[in-house]
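> Structure for this input, please:
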Amino acid sequence: MKKILLSMIVLMSSLTGFSQTITLAGSTYYGTGYCSATDANKTYNLRNTPHNGRNQYEFGFSGQYGVGCSFIMRWNTTAWELVSKEQVSPSEFQYTTLTTLAGNFPTPPCGYGFGGTISGDCTEACSNFMTLGGGGTICIGTSATLTASGCTGTVFWNNGGGIGTSITVSPTSSTTYSVTCSAPDYCIGSVTVNVTAPPTPQISILGTGVTNEGDNNYTACSGTSIQLYCGGCSIIPRIMNWSNGTTSSSNLSAAFTPDVSSSYFATQTIDGCTSLVGNTVNLTLKNKIIVEASNNNFCKGTSTTLTASGCTGTIIWDNDAGTGASVVVVPPYTMTYTATCSDTQVCNGGITINVTVPAPVAPTITASATVLCPNTSITLTGNGCTMGNYLWSNGATTNYSINVNAPGSYSLVCSTNLHGCTSPQSSVINITSVGADLTLSGTASSGDRQATQTITSTQSIPANIQTGYYAGKSITLNPTFTVLNGAVFNAEIKTCQ
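A predicted model of the protein is given here:
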């Protein structure tokens, strides 16, 4: 690269209109090239017209503008600066800024001030033949088409706009675009595009069990319900556009449960303009222990087997259930068992065991009789099944009351409608049938004795006993039959009933 050190510049301030003479002296150059000390110690005349549409005066060897060595006075928006111009290839020039010039030099005329101050007369003169359009206010993220009409030459746009009567721009902030018409007089104008940009949302993740790991990273157990939140989104009204596909009028999204680890961001729409995307938050879901029970609804006093999967470490159960992937528990009441994995990257898991407490109490039975006569039935009535169904020992389940027509032992249990719990068994009712002839001996017990035909007895009826004999044809009391004082005894001929 060509390096030039300029030690002193002597400017001759003779000025007539836009004509100017300048003498360069005392210059020292390093390297080889077209510019030399001989070139610097010459007096040059400033050109009164722009060169190649540039905002500069150019001067150099007579008849050698654009080749070899030239020096350029270039307007840098506030002052003139001196630039060397060396041709380093047939189609390439190298420009080196040497210094800022001090002196009574003119402000650039119309067409010279790219980015500099343009006089009112110049602007008015340009408006006589060039009309600019497309300026105004747009939303950030959208585009505007800028136009320049009426120029008979070439239209040049700054800000990287290129060449042409129309350009499309998408600025991210309010921007003024300058445009130059190459004829007449290289007039310039400008079009301003104002950009409306709502604040970019800075969001976070909220939820019970959500951990902020810092640097926009969050962790949670799988199955966790979360919400996206923008604490700084305070302008109302606004619409929050969440990256999970939902919107909300508040700065808090609706709760949702992600299935996989995901990243989230948001934009906000205010007065019809949508902001750019703010920060992105990352949620990592941790696996959760899966807990199952062989039966999680049962009666008090029974057991169930708890099984945990998804942990590569040691599983520890709470409520003194022990350790290991499988444990047997007999919960005394409804409770929740939680399994913890020694691997901290795995979340705890739990299950609720529902126990029916208290278990049903034993029911009671009453009988209309305990002796079954021929061609008759006895009614048994159950009481105390307040939680479900009556289950009779003869298989009947229809009602609290049944009729039986066969001798035997009868009992009752209650089955609850909740989880099929069964009560203890009731007391037993013994039903006997009446025979044709009955022979009795020994010591009698309370209760009546019946026969359809005859009764023969040698019994002793003890004191404080109440009993009776009932037969259809005859009752025979042998001489050894006795009734002690205080006993109540009755004998009667009658049909079985």
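
> residue ranges with poor pLDDT in this protein?
Low-confidence segments of the chain, defined by pLDDT under 70, span residues 1-96, 98, 101-129, 160, 182-188, 355-359, 387, 417-420.

> where do the helices sit along it?
With DSSP state H, the ranges of helices along the chain come out as 37-40, 120-127.

> residues contacting residue 206?
For residue 206, the contacting residues are 226-229, 252, taking CB atoms under 8 Å, 6 or more residues apart in numbering as the criterion. Where you see a C-beta, it was placed from the backbone N, CA and C, and this is true even at glycine.

> Now restrict the residues you listed to buried residues only.
226-229 (16 or more other CB atoms under 10 Å).

> would JSON lines of those residues with distance to residue 205 be doable?
As requested, the buried ones among the contacts of residue 206 are exported to JSON lines (distance: CB to CB, whole Å):
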{"residue": "226", "distance to residue 205": "5"}
{"residue": "227", "distance to residue 205": "8"}
{"residue": "228", "distance to residue 205": "6"}
{"residue": "229", "distance to residue 205": "7"}
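
> what's the closest of these to residue 213?
Sorting these by distance to residue 213 puts residue 226 at the head of the list, at 14.3 Å, by CB to CB.

> how about the nearest residue to the closest one, chain neighbours excluded?
Using CB to CB, 6 or more residues apart in numbering and skipping the chain neighbours, the partner closest in space to residue 226 is residue 207 (3.8 Å).

> okay, now the domains of this structure?
Under the assignment named as automatic domain parsing, the residue ranges that make up the domains of the chain are 3-100, 120-196, 203-286, 290-356, 364-432, 434-493.

> re earlier: right, and the pair among the buried ones among the contacts of residue 206 with maximum separation?
Taking CB to CB as the measure, the buried ones among the contacts of residue 206 span a maximum distance of 9.6 Å, between 226 and 229.

> what sits in contact with each of these two?
If you check residue 226 and residue 229 against CB under 8 Å, 6+ apart, the residues they both contact are 205-206.

> quick one: the residue lying closest to residue 224 once chain neighbours are set aside from residue 290, how far?
Distances taken as CB to CB, 6+ apart put residue 209 closest to residue 224, at 5.1 Å, once the chain neighbours are dropped. To residue 290, residue 209 is 17 Å away according to CB to CB, to the nearest Å.

> Thought residue 440 was touching residue 458, still the case?
Yes. When contacts are counted by CB atoms under 8 Å, residue 458 is listed as touching residue 440 (7.3 Å).

> Residues in contact with both of the two, list them for me.
Contact criterion CB under 8 Å, 6+ apart; residues shared by residue 458 and residue 440: none found.

> Is there a neighbour count for the spatially closest residue to residue 457 that is not a sequence neighbour? I'd like the number.
Ranked by CB to CB, 6+ apart and with sequence neighbours excluded, the top spatial neighbour of residue 457 is residue 440, at 4.1 Å. By other CB atoms under 10 Å, the residues close to residue 440 number 17.

> Quick check, residue 440 in contact with residue 460.
No. With contact taken as CB under 8 Å, residue 440 and residue 460 are classed as non-touching, separated by 10.4 Å.

> The residue nearest to residue 457 and residue 374: what is the separation?
If you go by CB to CB, the gap between residue 440 and residue 374 works out to 20 Å.

> How about residue 383?
To residue 374, residue 383 is 29 Å away according to CB to CB.

> Over to residue 307?
Separation of residue 307 from residue 374 (CB to CB): 60 Å.

> cool, and residue 248?
For residue 248, the distance to residue 374 under the criterion CB to CB works out to 84 Å.

> What of residue 340?
Taking CB to CB as the criterion, residue 340 is separated from residue 374 by 71 Å.

> Give me the more crowded residue out of the two.
In terms of neighbours (other CB under 10 Å), residue 340 is the more surrounded of residue 340 and residue 374; the figures are 21 against 12.

> Any idea what the more buried one is bridged to?
Listed by DSSP bridges, the beta-bridge partners for residue 340 are residue 316.

> Next, the contact list for it, please.
Residue 340 is in contact with 289, 315-318, 348, counting by CB under 8 Å, 6+ apart.

> any idea how far residue 347 is from it?
Relative to residue 347, and taking CB to CB, residue 340 is found at 9 Å.

> Ok, residue 416 next?
Computed with CB to CB, the distance linking residue 416 and residue 347 is 36 Å.

> So for those two, which sits in the more crowded spot?
It is residue 347, of residue 416 and residue 347, that has more neighbours when counted by other CB under 10 Å, with 22 against 18.

> What is the burial count for residue 466?
13.
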